[in-house]
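**Student:** What follows is a predicted structure for the sequence shown.
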Amino acid sequence: MKGYSIDNMPEKHARAQVKETDISMKDAVNVAHFIRGMNLEAAKNALDLVLEKKMAVPYFRYLDSVSHRKAIGPGRYPVKAVKAFKKLLDDVSANAEFKGLTDDLKIYHISASKGRMIKKFTPKAYGRAGAFFKDLINLDVVVIENEKE
């Protein structure tokens, strides 16, 4: 599909994207890794706990100066990134409801990738200017129905 980081979609799926959101790439990668493979409702509940700062997102990458948290190891509370992912999960939930999928949904694919770069400049001494580049982040998610056992 055009714009998604996955080529072959499952037959019964729902998908959503958030393009060019202003969040940290490092936080987005770690939050995506945290909720990958979860049930949709469990992922929403976990993100709510992170917003309340009752549970930290375990970091697996970009660990320099990341403090350890009780029972999970290195982790943080990336509130701005979690809000963007919560919006993404709400969108995919609405898309799944529109397609007639059941409430028992599982995150099949989720990713965070770099989007457009905004070029800014910061003033320096003697009339000069220094470059300041800001990366925007694209998020996408695909959910499928859980298999009955």
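**Tutor:** That came through fine.

**Student:** In the chain, what residue spans correspond to strands?
**Tutor:** Secondary structure of the chain (DSSP state E): strands located at 13-21, 57-58, 68-69, 73-76, 105-123, 129-145.

**Student:** out of those, which comes closest to Phe98?
**Tutor:** Nearest of these to Phe98, taken as C-beta to C-beta: strand 13-21 at 7.9 Å. Heads up, the C-betas are built off the backbone N, CA and C, glycines and all.

**Student:** For stretch 41-49, buried residues please.
**Tutor:** Using 16 or more other C-beta atoms under 10 Å as the test for burial, stretch 41-49 gives Ala43, Lys44, Ala46, Leu47.

**Student:** Need the pLDDT of the nearest residue to the first one once chain neighbours are set aside.
**Tutor:** Right, Ala43. Using C-beta to C-beta, 6 or more residues apart in numbering and skipping residues adjacent in sequence, the residue nearest Ala43 is Ile35, 4.2 Å away. Per-residue confidence (pLDDT) for Ile35: 95.

**Student:** Name the residue most distant from the centre of the chain?
**Tutor:** In the chain, the residue that sits farthest from the middle, by C-alpha atoms, centre = their mean, is Tyr126; the gap is 41.5 Å.

**Student:** so where's the chain shaky on pLDDT?
**Tutor:** Low-confidence segments of the chain, defined by pLDDT under 70: 1-3, 148-149.

**Student:** was I right about the residue nearest to Ala43 contacting Ala46?
**Tutor:** Yes. With contact defined as C-beta atoms under 8 Å, Ile35 reaches Ala46; the gap is 6.5 Å.
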